[in-house]
Structures are given as structure tokens and as C-alpha cells.
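J.: output the structure for:
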Amino acid sequence: MNANEYLQSSTLYRKLIHGPYGKFARVYAGRLSDEGFGRQCTWRSLSLFRELMDWHVGNGHDPQDLSEVHVDRFLEHRFKHWSPDSGDRSALRRLLSALREEGLVPAAAPVERTEHEQIVDKFAAYLTRERGLAASTVEHNKLLAHRFLQEVCPAGADGFAALTPEMVIGYVERHALDGSADSGKAMCGVVRAFLRYLHLKGFISAALADCVPSIRRWRLAGLPTFLPPQKVQQVLDACDRATAMGLRDYAVLMVLAKLGLRASEVAALSLDDIDWQSGSILVHGKGRRQATMPLRHDVGAAIVAYIRHGRPVSACRRLFLRTLAPHVGFASGCAITMIAKEALARANIHGYAHHGAHLFRHSLATNLLRSGASFAEIGQLLRHQSTDSTRIYAKLDIEKLRELSLSWPGGAQ
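T.: Numbering: from 1, shown residues only. As a prediction, this is how the structure comes out:
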């Protein structure tokens, strides 16, 4: 039962719309219905709304004065008597958003930004306007720059004068092993960019970017993790296509396994990116690059089955949507990675170095190479900008590497 069906027969809803907060209740219920919430979530959201308004007015406030401050105080009061629910805060954020759209409560007060946040915000604007970085890259750089600033200059701009090469090197040494070698290398790159920005804008007088150490990371040193074709099929067969979630996950995995898209590219796909007449799909890749790819028949069939029988009714134009309300597209490729990880676990595939969406991209490239495809063809399919990105798969073609090996002196090859 969806929200609209529940509201037609709900005693709670009838009491609310005929009560002192009737207009608020209608607006909030309309939002819950539009976003596709189910019966249980709608009932809980309206119950929470009634508790909030009774507490708010009972403490001498006008209904129209509702804000985040009052919501936080209400939840603090409520949590003293009942255990918190993970959806309470998001339900009340949704309430405030709906009421503000209708002009029933004042707009949110501007959030006071700390000095650190203001500096990092300006750095992000610089990366966007002058460096042309994508929004996801800018957000990642903001997080790393903010962490660096908080630890090295806790006093904010007042501490810039005391910033020394030793402090920068010490920071890198403390955090270089927080993740993988690639993560450490990326962290150093952000610190360099941030220090160049601070010097360019006059925050620091010395060019400290040059003192950031480099993390040794040999190119092409690793081996791509891949699945043989029978295990890729095993993952696909493990999807329960009798359910809406199974149809979505199967379509996602088909796009990953047969087209070789990255997780972020799958999350960004929209209904408008598919040209059914020409049988092609527009991919929004790294670095704001776009490419039109042929849409395989089996992948297209999986997408059609999802759209017809599994995709929730929604105004959102993203191709793949959340199964739980609100039915909107995924915020990033992380959700696609989780779908891939859960699919691998469901198929009982374990013991690989990586268990994410990129595993299917590596598997496609490796299996194509072993089937006789050239590096140029594979690079074109995966949309590599450099041949080095494709050449790494040569290490996995054991039979062709065996042809290049020299005979052992005095013995067999």
C-alpha cells in the first residue's frame, strides 16, 4: 500500500487535516505521496509530525516559527523517553523542506561557516572556476584540504605565518599509510594543490608546495583483478529477477559487465541518454568527457525489463533509482559499488583482491584480450585516454607472454 492509498483510509490523517495544523499536514502528506513512500513510513512520519507540533506549540511557539533549532530540541527531548529511529531526523528535514516550498515557515537561517570552512570553500570555487574540475573531484579535494588545515593550522589564517616545511612533511608522514599507496599519492596531490592556492592568493608567503614528499608508486606495477566469464555469469544468474530490486541490480550488473562502464558513469545515466532507435547510449565519463556507445541487445533488454516492471514511478530522469522512497537517482557511484559487492557475495564469489564495480570492467577487458581483441579495440571500448591504461592487461595474457619468453639455458622453455 502506497502513501496515497493509506491517506484515503487513515484515521490519523483525517484528524490531522481537521486539527490546528491541518494545512501543514496536507502539505506534508502531499510530499510523502509524491515521493512514493509506503504505508508504514507515511504513518510513522505523520505520527512524528503530530508529536513535533504538539511539543512545539505546547512550549509557547507559533506553528509558523518552526525551524531546525526547534526540530533539534524536540528530538533531544524525544530521545530522553524513546529510543531514536534512524529515519526521524530525515523525516523532519523533509517536513521543513515541504513547508518552506509552500511558504508556511521561514527560510532556513544561513549556517555560520567556520574560518577553516570559508577558506576551503574559496579553494573549491577556485578548483571549479579556474581549474575546471568536476564536482565530485572538488568535493573530495575539499575534504582532504579541510583535514590538512584543521591539523596543521588549528588557529586558522592566524597560523599560516608559522607554517613550515617540517610541518607539511610531518603531516604527510603521519597520513601516508592511512589507506592504499594510491590514496596516499592522491592526498599528497591535494596538499600540493592547496598549498599552491594559499601561496597564489597570498595566505602564505613561502612556496611550500615543493616540499610535499612524493609517494613512490610504480606505474603498471599491479595486476588487474578479474573474473572468468563463467563467474561473471554466475553473478548475473544470482539476481532474483522476480523482484523490482533484482531487475534493477541485474540491469546495473549487465551495464557493468557487458559495456565496461565505471560505477560513477552508471549512476549518472539518465533515461534521455538512451537512443532506442539507433541502439546507442551516451556515457558521461571522467573529466566531463562524453562518448556514445552501441547498446548491446542483451543489455538493452535488461534495461527495458527494469523500466517496465521494476522502476518506481518517479519524476526523476535518472535511469537507476532507489527502491526505497524517495525514488530518486543515486548520489554517487558508491551505491553502484555496493550493488556489485552484494551481488558478488550473493553468488558466493570470494577471495579476490577487489570486490567492487571495477572488477567487472577489468573482467571485460581481460576476457576480450584473451579472445583475440587488440589493445586499440579494448582501449576504445573502455574509453582510455592513454594506451598505458590498456597495456596493463597484457600481463594477464599468459599464453601470449609464454611465446615471448626465452628458453632457459640448458633446459626446456
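J.: so what's the residue nearest the centre of the chain up against?
T.: Centroid-nearest residue in the chain, with Cα atoms, centre = their mean: Ser332, separated by 2.2 Å. Residues counted as contacts of Ser332 (Cβ atoms under 8 Å, 6 or more residues apart in numbering) are 136, 264, 267. From N, CA and C alone the C-beta is placed, and that goes for glycine too.
J.: show residues contacting stretch 354-374.
T.: With Cβ under 8 Å, 6+ apart, stretch 354-374 has contacts from 224-229, 232, 253, 256-263, 266, 333, 336-337, 339-341, 344-345, 349, 352, 375, 377-378, 381-382, 390, 393-394, 396-397, 399.
J.: so for it, what gets flagged as buried?
T.: If you call a residue buried by 16 or more other Cβ atoms under 10 Å, then stretch 354-374 has these buried ones: 355-370.
J.: which helices and strands does the helix or strand containing Lys122 pack with?
T.: Lys122 belongs to helix 115-129 when assigned by DSSP states H and E. The contact analysis (3 or more Cβ pairs under 8 Å, 6 or more residues apart in numbering; DSSP states H and E) places helix 115-129 against helix 135-152, helix 181-200.
J.: now those as CSV including distance to Tyr306?
T.: Shown next, in CSV, are the helices and strands packed on helix 115-129 (distance: least, Cβ to Cβ, whole Å):
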stretch, distance to Tyr306
helix 135-152, 25
helix 181-200, 33
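J.: could you dump those into a markdown table and include mean pLDDT, distance to Ser83 and mean neighbour count?
T.: Output for these, formatted as a markdown table (pLDDT from 0 to 100; distance: least, Cβ to Cβ, whole Å; neighbours: other Cβ atoms under 10 Å):
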| stretch | mean pLDDT | distance to Ser83 | mean neighbour count |
| --- | --- | --- | --- |
| helix 135-152 | 92 | 31 | 17 |
| helix 181-200 | 92 | 37 | 18 |
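J.: quick one: which of those helices is nearest Ser214?
T.: Among these, helix 181-200 comes nearest to Ser214, with 6.7 Å by Cβ to Cβ.
J.: which residues touch the helix or strand following that closest one?
T.: Sequence order places helix 229-237 as the next helix or strand after helix 181-200, per DSSP H and E. Contact with helix 229-237 is made by 227, 250, 253-254, 257, 343-344, 346-347, 349, 360, 363, 367, as judged by Cβ under 8 Å, 6+ apart.
J.: and those residues, which are buried?
T.: 227, 250, 253-254, 257, 343-344, 347, 349, 360, 363, 367.
J.: what's the farthest-apart pair in these?
T.: Tyr250 and Asn367 (19.4 Å).
J.: now the residue nearest to Leu177 when sequence neighbours are not counted: how far from His175?
T.: Spatial nearest neighbour of Leu177, chain neighbours left out: Gly184 (6.8 Å); criterion: Cβ to Cβ, 6 or more residues apart in numbering. From Gly184 across to His175, the span is 7 Å (Cβ to Cβ, to the nearest Å).
J.: try Ala257
T.: 36 Å.
J.: and if you look at Arg93?
T.: Applying Cβ to Cβ to Arg93 and His175 gives a distance of 33 Å.
J.: mind putting the contacts of helix 229-237 into a markdown table with distance to Asp34?
T.: As requested, the contacts of helix 229-237 are exported to a markdown table (distance: Cβ to Cβ, whole Å):
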| residue | distance to Asp34 |
| --- | --- |
| Leu227 | 41 |
| Tyr250 | 28 |
| Leu253 | 30 |
| Met254 | 30 |
| Ala257 | 35 |
| Ala343 | 31 |
| Leu344 | 35 |
| Arg346 | 33 |
| Ala347 | 37 |
| Ile349 | 39 |
| Phe360 | 35 |
| Ser363 | 40 |
| Asn367 | 44 |
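J.: who touches stretch 261-272?
T.: 136, 252, 255-256, 281, 283-286, 307, 317-320, 329-337, 340, 356-358, 361.
J.: what domains does the record give for the chain?
T.: If you go by automatic domain parsing, the domain ranges for the chain are 3-101, 115-211, 229-399.
J.: neighbour-wise, which of Arg93 and His175 wins?
T.: Between Arg93 and His175, counting by other Cβ atoms under 10 Å, His175 is the more crowded of the two (18 against 12).
J.: what about Arg89, neighbour count?
T.: Neighbours around Arg89, by other Cβ under 10 Å: 13.
J.: ok, and the closest non-adjacent residue to it?
T.: Using Cβ to Cβ, 6+ apart, the closest residue to Arg89 is Leu75 (6.5 Å).
J.: tally of neighbours for that neighbour?
T.: 16.
J.: which residues sit in contact with the spatially closest residue to Val57 that is not a sequence neighbour?
T.: Closest residue to Val57 apart from its sequence neighbours, by Cβ to Cβ, 6+ apart: Pro63 at 6.3 Å. Contact partners of Pro63, counting by Cβ under 8 Å, 6+ apart, are 20-21, 24, 53, 56-57.
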